[in-house]
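Colleague: missing the sequence, but the structure's below:
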């Protein structure tokens, strides 16, 4: 919870790549498709107009079930330091509402980057927990991708 009572999600990671490389992984459709989504999900399509006011649409295919899409607009695009965008499902659950995702990057020694993630405000603790699980799995995959790129 935030001071104003809103339900927010905060995550932090140190990734084994400079922030410019991480920023590309966060924003380039072909890179995003490699790590986005919970374990077992595939990303068959990413559309992105990466500029403030530009829109995006990410198609997500769960291991079982129908494809669904995430959409939103970019609020702030400041490479390689900061990215912020709205986040909403095309066909939302009744407990969903549009949230704002903010990702901040800071170089650590030139070879690693600290990623600070926040999202909110959520309508219910259940939706916050669902997003925490999904983002944690996604960021684990991003960390693996950055590790394999660093060792290549």
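Modeller: Noted; the coordinates are in hand. Remember, predicted model here, so these are calculated numbers, not experimental data. Numbers count the residues shown, from 1 in each chain.

Colleague: what are the ranges of the helices in the chain?
Modeller: Listed in chain order, the helices found in the chain under DSSP state H are 19-27, 29-35, 125-151.

Colleague: so which residues make contact with the first one?
Modeller: Residues from elsewhere that reach helix 19-27, judged by Cβ atoms under 8 Å, 6 or more residues apart in numbering: 15, 17, 31-32, 34-35, 48, 50, 77, 79-81, 83, 103, 105-107, 113, 115, 142, 145-146, 149. For glycine as for every other residue, the C-beta is placed from the backbone atoms N, C-alpha and C.

Colleague: need the helices of the chain in CSV with mean neighbour count, can you?
Modeller: As requested, the helices of the chain are exported to CSV (neighbours: other Cβ atoms under 10 Å):
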stretch, mean neighbour count
helix 19-27, 20
helix 29-35, 16
helix 125-151, 15
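
Colleague: now these in a markdown table, with mean pLDDT and distance to residue 88?
Modeller: Shown next, in a markdown table, are the helices of the chain (pLDDT from 0 to 100; distance: least, Cβ to Cβ, whole Å):
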| stretch | mean pLDDT | distance to residue 88 |
| --- | --- | --- |
| helix 19-27 | 97 | 18 |
| helix 29-35 | 97 | 17 |
| helix 125-151 | 94 | 12 |
